[in-house]
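In: generate a structure from the sequence data that follows.
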Amino acid sequence: MQRLKIILLSLLTLGCSPPGQIISLTEKKPSNAAWTHGAIATAANPHAVAAAIEILERGGHAVDAAIAAHAVLGLVEPQSSGIGGGAFMLVYEDDKKELVFHDGREVAPAGATIDMFMLEGSLMSFFDAWQSGKAIGVPGTIALYKAAHNEHGQIPWGDLFQPAIRLARDGFKVSPRLANYLPMMAQQSLLDENPGTADYFYPNGEALQTGDLLRNPEYASTLTRIAQEGISAFYEGRIAEQIVEAAQADPNPGKLTIHDLASYRTVRRPVICGPFREMKICTTSPPSSGSAQIMIAAIYDHLLPTTSTHADKITAFVDAQRLAYADRDHYFGDPDEIDIPLENLLDPQYLKYRATERFDPDEAATPGDPRLVLKGEEIASLFSKDTTEEATGTTHLSIIDAEGNAVSMTATIEAPFGTQRWAAGFLLNNQMTDFARTVDTSEKYPANAIVPGRRPRSSMSPTMVFDAQGNILMVTGSPGGNSIPAYVAKTIVGVLDWNLSPQAAVDYPNIVARGDTVRVEISAEPGQTIANNLKARGYSVEESDGENSGLHVIAVNANGLEGAADKRREGIVKKIMHR
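Out: Sure thing, here's the model as predicted:
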């Protein structure tokens with residue numbers, strides 16, 4: 001088995017932590033200066049932010065607040081994430097100036113096969129694959145909670161679930177976003193027919209309405225057991241049996257087993273840092289796509305003319321995305337299973353080459369070959385063309401606690417409402433469709449092919465930015481499937497180069513340049529102007545009336561903490577100045 005080779009590239013100011021270790025942002029001794037900015041939380045639902053603030057006011061770590069908030073999101077925003085899925089959590093410890101990446105990504109069951117979505121040589125329709133038992137990967141969120149809490153937590157484990165248990169037991173009002181999904185899902189999926197989901201989301205055969213009081217006693221019971229018994233309550237016993245029963249049910253049953261659940265483990269993976277001018281972008285390594293943030297930022301700077309108009313900056317941003325996406329799509333997968341040339345992909349010499357030497361806009365969607373550029377060794381031919389299609393059932397939250405510790409957490413169940421399969425009060429993921437589903441067994445396999453025990457590549461990119469002294473400047477991240485790298489990169493360049501406030505950067509039109517077409521959100525100003533300018537410059541532009549981002553951003557500046565919540569969803573920001 002080949003493993004991701006991570007080394008420290010000091011000449012590149014690119015810091016990497018070996019597996020199982022942490023990255024230090026500075027060689028200097030940690031500062032003893034007290035954090036004076038208070039605490040802040042931003043997430044996709046007011047109930048989740050309230051849960052985070054409740055924990056922060058008790059003196060909880062940002063990790064404690066993130067667990068409490070996400071347990072609530074799984075209840076009030078079930079279309080986006082939940083304990084039946086997986087997550088990535090990037091944690092910053094301010095007193096040590098250190099970063100840790102906890103990988104709670106779902107895992108392919110032992111019975112998975114590379115062609116499991118192929119039937120007699122033909123690909124299953126996405127509809128059939130999406131809602132099949134085959135699509136369910138081993139959930140990692142609960143194990144992630146525990147791994148992160150063991151290392152960082154300050155509030156007792158069981159207390160973290162109380163806000164979600166109260167809401168599930170006493171009820172909460174259905175939000176417009178959840179209610180608006182349900183008629184559409186009844187037309188496009190089996191949500192209104194499957195056991196559990198039909199009665200829960202469509203009581204008496206009618207979709208829930210905005211403002212309806214919704215209770216979930218099953219979820220309250222599940223969380224109560226987890227709070228009292230630990231994660232064994234989820235990965236063993238009756239809850240695990242219910243997960244397996246749902247996965248193995250018709251139609252198109254999967255092969256998830258009790259052994260798969262009992263065998264699940266989180267992974268502490270390297271944190272990857274790279275320079276952006278005098279600052280440092282730090283993010284999550286594969287199977288995350290966080291490293292694309294470093295690639296986009298570096299290529300963007302190389303592409304900027306000496307004197308740049310804003311239109312020039314948009315053009316550079318578009319081309320930087322296209323180049324970074326092409327390499328991400330071709331090379332990224334599970335680092336425990338494939339040899340990802342990450343060190344070479346992030347090498348400044350290669351990134352400069354991609355941006356300036358032989359750059360051809362007509363070839364920007366074609367992957368480069370970093371080892372050929374740097375060492376004369378061809379690697380691109382090891383993998384076939386990527387065929388991954390990634391849906392958008394995901395959420396993101398950003399938190400800084402009263403001690404200056406921070407969390408950037410992105411969590412998912414893949415498509416909206418996951419597989420639509422229900423177990424013990426929650427929905428199960430369809431994360432197996434995040435693998436390359438189309439496979440020609442006579443050809444080389446794509447880097448993101450299905451293999452038992454493998455984690456699918458993810459676009460989730462929880463990211464933080466630090467100044468030259470190692471002080472935190474920004475926490476960012478977003479849902480949005482394959483568009484996540486573009487959404488997150490927009491906030492980084494928007495705040496740090498375009499001089500936008502965090503909220504203005506979030507509100508700014510989303511621009512997604514993956515492949516030969518540039519998608520521009522014209523429903524946000526100045527989207528139509530951007531689209532017209534790109535067309536005039538020869539780009540193929542798709543005009544979008546709306547984007548599914550859910551950006552939640554925190555900036556640390558001279559005025560203290562400034563947060564932003566994406567108005568495309570239902571999030572809010574809340575701050576506290578003192579515990």
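
In: drop to CA atoms for contacts and neighbour counts, all remaining ones
Out: Noted.

In: where along the stretch 251-400 of the chain do the helices fall?
Out: Secondary structure of the stretch 251-400 of the chain (DSSP state H, counting those that start in this stretch): helices located at 258-262, 291-303, 310-331, 342-345, 348-356, 370-375.

In: how about those helices, which one is nearest residue 505?
Out: Nearest to residue 505, of all the helices of the stretch 251-400 of the chain, is helix 310-331, at 13.3 Å by C-alpha to C-alpha.

In: in the stretch 1-150 of the chain, where is pLDDT below threshold?
Out: Across the stretch 1-150 of the chain, the ranges flagged by pLDDT under 70 are 1-33.

In: what's downstream of the helix or strand bottoming out on mean pLDDT in the chain, the next helix or strand?
Out: For the chain, counting by mean pLDDT, DSSP states H and E, strand 23-24 ranks last in confidence among helices and strands (a mean of 63). Using DSSP states H and E, the helix or strand that follows strand 23-24 in sequence is strand 39-43.

In: tell me what that next one is packed against?
Out: In terms of contacts (3 or more C-alpha pairs under 8 Å, 6 or more residues apart in numbering; DSSP states H and E), strand 39-43 is packed against helix 46-57, strand 393-400, strand 552-557, strand 560-565, strand 572-576.

In: now the helices of the stretch 251-400 of the chain as a markdown table including mean neighbour count, mean pLDDT and distance to residue 73?
Out: Shown next, in a markdown table, are the helices of the stretch 251-400 of the chain (neighbours: other C-alpha atoms under 10 Å; pLDDT from 0 to 100; distance: least, C-alpha to C-alpha, whole Å):
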| stretch | mean neighbour count | mean pLDDT | distance to residue 73 |
| --- | --- | --- | --- |
| helix 258-262 | 18 | 98 | 23 |
| helix 291-303 | 25 | 97 | 26 |
| helix 310-331 | 23 | 95 | 29 |
| helix 342-345 | 20 | 94 | 33 |
| helix 348-356 | 20 | 93 | 38 |
| helix 370-375 | 16 | 85 | 40 |
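
In: need these in CSV with distance to residue 192, can you?
Out: CSV is the format used below for the helices of the stretch 251-400 of the chain (distance: least, C-alpha to C-alpha, whole Å):
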stretch, distance to residue 192
helix 258-262, 27
helix 291-303, 38
helix 310-331, 35
helix 342-345, 44
helix 348-356, 49
helix 370-375, 49
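
In: mind listing what's buried in stretch 264-283?
Out: The neighbour-count check on stretch 264-283 (16 or more other C-alpha atoms under 10 Å) flags 264-276, 279-283 as buried.

In: burial measure for residue 546, as a count.
Out: Look at residue 546: counted by other C-alpha atoms under 10 Å, it has 14 neighbours.

In: poorly predicted segments of the stretch 351-500 of the chain, please.
Out: For the stretch 351-500 of the chain, the stretches with pLDDT under 70 are 358-359, 379-392, 439, 441-443.

In: one more time with 90, if that's ok
Out: Low-confidence segments of the stretch 351-500 of the chain (pLDDT under 90): 356-393, 435-449.

In: do the same with the stretch 151-300 of the chain
Out: 188.

In: got the residue ranges for the strands in it?
Out: All strands of the stretch 151-300 of the chain, identified by DSSP state E, counting those that start in this stretch, fall at 172-173, 213-214, 267-269, 271-276, 279-284.

In: right, so of those, which gets closest to residue 346?
Out: strand 271-276 (7.9 Å).

In: packing partners of that closest one?
Out: strand 98-104, strand 279-284, helix 291-303.

In: distance to residue 551 for these - can I get that in JSON lines?
Out: Formatted as JSON lines, the helices and strands packed on strand 271-276 follow (distance: least, C-alpha to C-alpha, whole Å):
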{"stretch": "strand 98-104", "distance to residue 551": "20"}
{"stretch": "strand 279-284", "distance to residue 551": "16"}
{"stretch": "helix 291-303", "distance to residue 551": "15"}
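
In: so which of the ones you listed is nearest residue 343?
Out: For the helices and strands packed on strand 271-276, the distance to residue 343 is smallest for helix 291-303, at 10.4 Å, taking C-alpha to C-alpha.

In: export only the CA atoms of the closest one, formatted as CSV.
Out: Only the C-alpha atoms of helix 291-303 are listed here, as CSV (Å, rounded to 0.1, in the frame of the first residue of the first chain):
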residue,chain,number,x,y,z
SER,A,291,-4.9,21.9,-0.5
ALA,A,292,-6.6,23.4,-3.6
GLN,A,293,-6.9,26.6,-1.5
ILE,A,294,-3.1,26.9,-1.5
MET,A,295,-2.9,26.1,-5.2
ILE,A,296,-5.6,28.6,-6.2
ALA,A,297,-4.1,31.4,-4.1
ALA,A,298,-0.5,30.9,-5.5
ILE,A,299,-1.6,30.6,-9.1
TYR,A,300,-3.9,33.6,-8.7
ASP,A,301,-1.0,35.8,-7.6
HIS,A,302,1.2,34.6,-10.5
LEU,A,303,-1.6,35.3,-13.0
